[in-house]
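Trainee: Prediction below, plus the sequence it came from.
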Amino acid sequence: MLYRQRFVLPLTISALALSTAFMSAPHATAQDAGLAEKAAAVPRTLEGGEVTELFDGETLDGWRGRDDLWSAEDGAIVGRTTKEDPIKQNTFLILDEEIQGDFELTLQFKIDGGNSGIQYHSRVLDEDKFVVSGYQADIDAANRYAGILYEERGRGILALRGQEVAITEDGEKQAETVADAAELGRGIHPGQWNDYRIVVRGHQLEHFINGALTMQVTDNQTDHWRDSGVIALQLHQGPPMTVRFKKITLRQWK
């Protein structure tokens, strides 16, 4: 059973609320409708919402994955591979409950060796081998890719660190460099605990590590963009590695 400790923060007026208010007014005009449409197009505020803890700090209740690779130790989820028994393909620890719509996901991670990531709005391709496809907030011990947006078993790298990217409906990427990737990298500390924050508002996706925005993507490619799916944690094939996650918290807007 999924561990869910909830508490609700005060809600502020959102674009959706403004839109509803405009359209339900007794004497709504065409001009009002236009204002409502514009209001609805604005990404909703990050304030307010319902907060859920996704990890109880002691067990893997509510998650599924390979028992020989994943464990709960010292208040953290631990994924570990070895030189003696390497994995042959990427595998994941998957949250049992799918997440729909906008959210803010926060957690702390620490990685020693190898490559990992946090899947979101993703789909399960193979339940037996715990294989998923979809958006991934990347993590790596070499600190080359940490913070980027990668699409696992999909379009590959969608945004590098320091980029702001708009993806058109036909898949064309319009990328702009808005921050120095090397400077952002110096704020990430492999082998130590780091804060990761993922924000999804409609088609807009943002990653933050230790408080710094590492990339932003607006994904308008409708045959790839998803508004629901699983959250999952990755163990990557290749060299032996250990990755740890703790304080996993989800905030959603109703």
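Mentor: Here it is on my side, so go on. Numbers count the residues shown, from 1 in each chain.

Trainee: Thr59: neighbour count?
Mentor: 12 (other Cβ atoms under 10 Å). Where you see a C-beta, it was placed from the backbone N, CA and C, and this is true even at glycine.

Trainee: Quick check: it touching Ser71?
Mentor: No: contact criterion Cβ atoms under 8 Å: Thr59 and Ser71 do not qualify, at 9.7 Å.

Trainee: Flag the shaky bits of the stretch 1-150 of the chain, pLDDT-wise.
Mentor: 1-46 (pLDDT under 70).

Trainee: Run through the helices of it in chain order.
Mentor: 15-24, 30-41 (DSSP state H, counting those that start in this stretch).

Trainee: go on, the stretch 151-254 of the chain?
Mentor: Going by DSSP H, counting those that start in this stretch, the stretch 151-254 of the chain shows helices at 181-186.

Trainee: tell me the contacts of Leu233?
Mentor: By Cβ atoms under 8 Å, 6 or more residues apart in numbering, the contact list for Leu233 reads 65, 77, 79, 92-93, 116-119, 243, 245.

Trainee: who does it bridge with?
Mentor: Counting by DSSP bridges, Leu233 forms beta bridges with Leu93, Ile118.

Trainee: got it, and Gln252?
Mentor: Glu50, Phe103.

Trainee: From Thr82, how far out is it?
Mentor: Computed as Cβ to Cβ, to the nearest Å, the Gln252 to Thr82 distance reads 37 Å.

Trainee: and the two? which has more neighbours close in?
Mentor: Gln252 (17 against 12).

Trainee: wait, that one sits on Ile99?
Mentor: Yes: the criterion here is Cβ under 8 Å, and Gln252 meets it with Ile99 at 7.5 Å.

Trainee: Mutual contacts of these two, please.
Mentor: Here Gln252 and Ile99 have no joint contacts, going by Cβ under 8 Å, 6+ apart.

Trainee: wait, what's in contact with the nearest residue to Leu205 once chain neighbours are set aside?
Mentor: Spatial nearest neighbour of Leu205, chain neighbours left out: Val217 (4.7 Å); criterion: Cβ to Cβ, 6 or more residues apart in numbering. Shown in contact with Val217 (Cβ under 8 Å, 6+ apart): 149, 158-159, 164-167, 204-206.

Trainee: TSV please, covering those and showing neighbour count.
Mentor: Conversion of these to TSV gives the following (neighbours: other Cβ atoms under 10 Å):
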residue	neighbour count
Leu149	26
Leu158	23
Ala159	25
Glu164	17
Val165	19
Ala166	17
Ile167	21
Gln204	14
Leu205	23
Glu206	20
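
Trainee: residues contacting Gly117?
Mentor: 136-139, 150, 152, 233-234, 236.

Trainee: Format these as CSV; extra columns: distance to Leu54.
Mentor: Below are these laid out as CSV (distance: Cβ to Cβ, whole Å):
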residue, distance to Leu54
Gln136, 17
Ala137, 15
Asp138, 20
Ile139, 17
Tyr150, 21
Glu152, 19
Leu233, 10
Gln234, 16
His236, 21
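
Trainee: Which single one of the residues you listed is nearest to Phe55?
Mentor: Leu233 (10.0 Å; Cβ to Cβ).
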